[in-house]
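**Student:** no sequence for this one, just the structure:
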């Protein structure tokens with residue numbers, strides 16, 4: 001049990017988020033790499049510049065794997081936080097498995113925000 005907890009803590013901090021802005025400054029692109037699950041969700045939520053990003057945000061998860069429903073709830077919370085600031089978010093690059101998990105759980109876990 002202790003080994004499982006230590007493993008989860010170690011893997012949770014292996015998520016990397018990089019960002020770039022489009023040449024015209026209208027879109028911010030975030031690329032997420034790593035295993036996304038309950039232990040990494042809080043770190044993921046804090047990796048975005050909600051206040052200073054432009055009106056359009058694209059989150060590319062082609063380098064990440066969505067392992068559980070808590071990550072879907074985190075993605076919903078990220079999207080909601082941007083939307084409250086009048087910004088739009090696109091989540092792209094989900095693998096088939098991650099897309100299936102996302103589609104099954106999105107909008108259901110945060111009490112409708």
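**Tutor:** Perfect, thanks for sending it. Since this is a predicted model, take the numbers as computed values, not measurements.

**Student:** Would you map the strands across the chain?
**Tutor:** 16-21, 27-36, 56-66, 88-92 (DSSP state E).

**Student:** Make a markdown table from those and add mean neighbour count and distance to residue 107 to it.
**Tutor:** Yep, even glycine has a C-beta here, placed from its N, CA and C like the rest. What follows is the strands of the chain, written out as a markdown table (neighbours: other Cβ atoms under 10 Å; distance: least, Cβ to Cβ, whole Å):
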| stretch | mean neighbour count | distance to residue 107 |
| --- | --- | --- |
| strand 16-21 | 13 | 23 |
| strand 27-36 | 19 | 18 |
| strand 56-66 | 19 | 15 |
| strand 88-92 | 15 | 13 |
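
**Student:** closest to residue 46 out of those strands?
**Tutor:** strand 16-21 (9.4 Å; Cβ to Cβ).

**Student:** out of the strands of the chain, nearest to residue 100?
**Tutor:** So among the strands of the chain, strand 56-66 is nearest, using Cβ to Cβ, at 9.2 Å.

**Student:** Compute the inter-axis angle for the closest one and strand 88-92.
**Tutor:** 30 degrees (axes from the mean of the first three to the mean of the last three Cα atoms, to 10 degrees).
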